[in-house]
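Q: This is the structure alone, sequence omitted:
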């Protein structure tokens, strides 16, 4: 007879049960059948995911259907046949004696991973000798050993039930049933990522303390989860490797070598990580589940805040180095990884989502996308905006990035247009373009050859411009465009709700530009902007790093570096500064006041924190790099020689310089004039970002 406490426990578990509808439906179908289609069910998943709870639910369904059950917790057994049989035999007899006449029986074994040493005996000896009326229901942190699926007999008899985290709606329903107020739920949801045990412990903590949950205020919750998730760690270097994996979106062996101080153990450390069931091997590298990552980093910040900051700085430096020096084909991945580091900043975290970004593919425009994207715009912004979207898709199709599901279905998109790059009529037909050009004319006139980007449309199919995985990828695409577009001088980013996104754009250093706001079809759009001539990529990356350091402990933060103002020189000023730099080449003290020291092309070489003397050196090296690239070019060599004997290794007079080159004075003067003009033009194109610098 069922005891009162068993009934009460079952009732309470039922009251808090959410989700797993498909898994329960599968089992109900199995119970309704006349025989077991799959005699072995294996429920697998990481620690705390709800395997035991599901087994208890399955056992309850068996009792409701009059099917006897035998329940074994493998943690109470020795992994030896005698111990297993000694535990099972009395239960088997008791269950048989109390059976209600059902021809079927269910044997449930929880924590089956504890019996892995016994697995060959169970699989080859014990399980095959059970009556066909018995269903084996196993729950394990480990998936079936590789032998089970390869066995031609067992492979068709196993039903795998892989448990994952609860969905967002299921997690919210659970918290509501626990009595957590709606305004306190987001902090728990962001910490737990739908992990059942993490949800339960965080809710318990909030109810017991009578205050909103915060991981930094609940070290006991973090420690309980850490003990649940992590195996015994062999030593400090392994702990450091695990922490490095938690910091990164995806960890490769090369990255691990930059984050830990044990290069001689690197292959062994990476191999150890690969064997952990908590990690997934993804195309980009090893990745932890979101909740395990949260727990490890919360634990590290609580125990060793200085180590947390050091690891964060190493990760940031590794990614920035790859952004500047890595293969261009891998730039999107490095950029996504770098932006991912900013997720821990509490100012930015509410505005980014990462849960599904790994499964979403960012692609170019396809012919079949056009009507779907136009329909997307019409749904969210109306007919007038849709007509403009169709026009821009025809005029500048190369500026569209489509976010796709694994099936190829368009889930959202971002479209940017380049100004001025089309005819006058096309430009002025769009109110957004008219407002942007009018703003530039008044506030920041363009120099010849400079380009402007207007991020004209960006949206998710279902959620428009609300916080989502699609919106996060739109922002990453925008950052990638800023860092890789040659000649980009200014960018405009319109939003349907500019006040909501203000914290994000402030974080990124983009200015609110009310004078560039516009209206289409009765909808008003607020615009943010960035002058990339005043804030070149190197300076921008440095300021983003400073933003990351702002939420870290003051004792561990990097010292602030003064960022020199960038000079936006017009052509006559730039040309005069180049001539002045040539005249002062052999006397570096004369270069200390040269305006070129504060241009984008110099700061891109030194980084924003460089001293004045370092910028002077960088300017001299820059000139030498450009001129050295001429030396091996037949048509440019004569120009290089004229500049060399005049400025780099100067003769006392120009007449003597001509004699050194064995040239008539008029010819020398012509070569010198042509060389200065070519140098000014080449540096100007470099300054505008239209060309890449010559290799060192």
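A: That came through fine. Since the structure is predicted, the reported quantities are computational estimates derived from the model, not experimental observations. Residues are numbered from 1 along each chain as shown.
Q: Could you point out the helix or strand that follows the helix or strand of the chain with the lowest mean pLDDT?
A: Using mean pLDDT, DSSP states H and E, helix 4-16 stands out as the lowest-scoring helix or strand of the chain, at a mean of 55. Next helix or strand after helix 4-16 toward the C-terminus (DSSP states H and E): helix 21-32.
Q: Which elements pack onto that next one?
A: Packed against helix 21-32 by the contact rule (3 or more Cβ pairs under 8 Å, 6 or more residues apart in numbering; DSSP states H and E) you find strand 40-44, helix 51-64, strand 158-162. (C-beta placed from N, C-alpha, C; glycine too.)
Q: for the first one, the distance to its chain's centre please.
A: The one in question is strand 40-44. Taking Cα atoms, centre = their mean, to the nearest Å, the mean C-alpha location of strand 40-44 is offset from the chain mean by 33 Å.
Q: Neighbouring strands - and their directions - for that strand?
A: Strand pairing for strand 40-44, using DSSP bridges, gives strand 134-140 (parallel), strand 158-162 (parallel).
Q: would you list these in CSV and tack on distance to residue 275 and mean neighbour count?
A: Converted to CSV, these look like this (distance: least, Cβ to Cβ, whole Å; neighbours: other Cβ atoms under 10 Å):
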stretch, distance to residue 275, mean neighbour count
strand 134-140, 16, 24
strand 158-162, 19, 16
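Q: between the ones you listed, which one is nearest to residue 168?
A: strand 158-162 (19.3 Å; Cβ to Cβ).
Q: ok, and what's touching the closest one?
A: With Cβ atoms under 8 Å, 6 or more residues apart in numbering as the test, strand 158-162 has contacts from 23, 26, 30, 38, 40-45, 54, 143-144, 148-149.
Q: Give me the buried positions along the helix or strand just after it.
A: Counting by DSSP H and E, the next helix or strand C-terminal to strand 158-162 is helix 168-178. Neighbour-count burial for helix 168-178, with 16 or more other Cβ atoms under 10 Å as criterion, is recorded at 170, 171, 172, 174, 175, 178.
Q: Which positions within the helix or strand following helix 168-178 qualify as buried?
A: Later in the chain than helix 168-178, the nearest helix or strand by DSSP H and E is helix 185-192. Applying a neighbour-count criterion of 16+ other Cβ under 10 Å, the buried positions in helix 185-192 are 185, 187, 188, 189, 190, 191, 192.
Q: With adjacent residues omitted, what lies nearest to the last one?
A: The shortest distance from residue 192 to any residue that is not its chain neighbour, by Cβ to Cβ, 6 or more residues apart in numbering, is 3.7 Å, and that residue is residue 198.
Q: where's that neighbour relative to residue 211, distance?
A: 18 Å (Cβ to Cβ, to the nearest Å).
Q: The two: which is more packed in?
A: Using other Cβ atoms under 10 Å as the criterion, residue 198 and residue 211 rank with residue 198 on top: 29 against 11.
Q: List the residues that contact that one.
A: The contact partners of residue 198, by Cβ under 8 Å, 6+ apart, come to 48, 191, 192, 225, 291, 294, 295.
Q: residues in contact with the second one?
A: Spelled out, that is residue 191. Contacts for residue 191 (Cβ under 8 Å, 6+ apart) come out as 198, 202, 213, 215, 291, 294, 298.
Q: Turn those residues into TSV, including distance to residue 161.
A: Below are the contacts of residue 191 laid out as TSV (distance: Cβ to Cβ, whole Å):
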residue	distance to residue 161
198	21
202	26
213	30
215	30
291	20
294	25
298	30
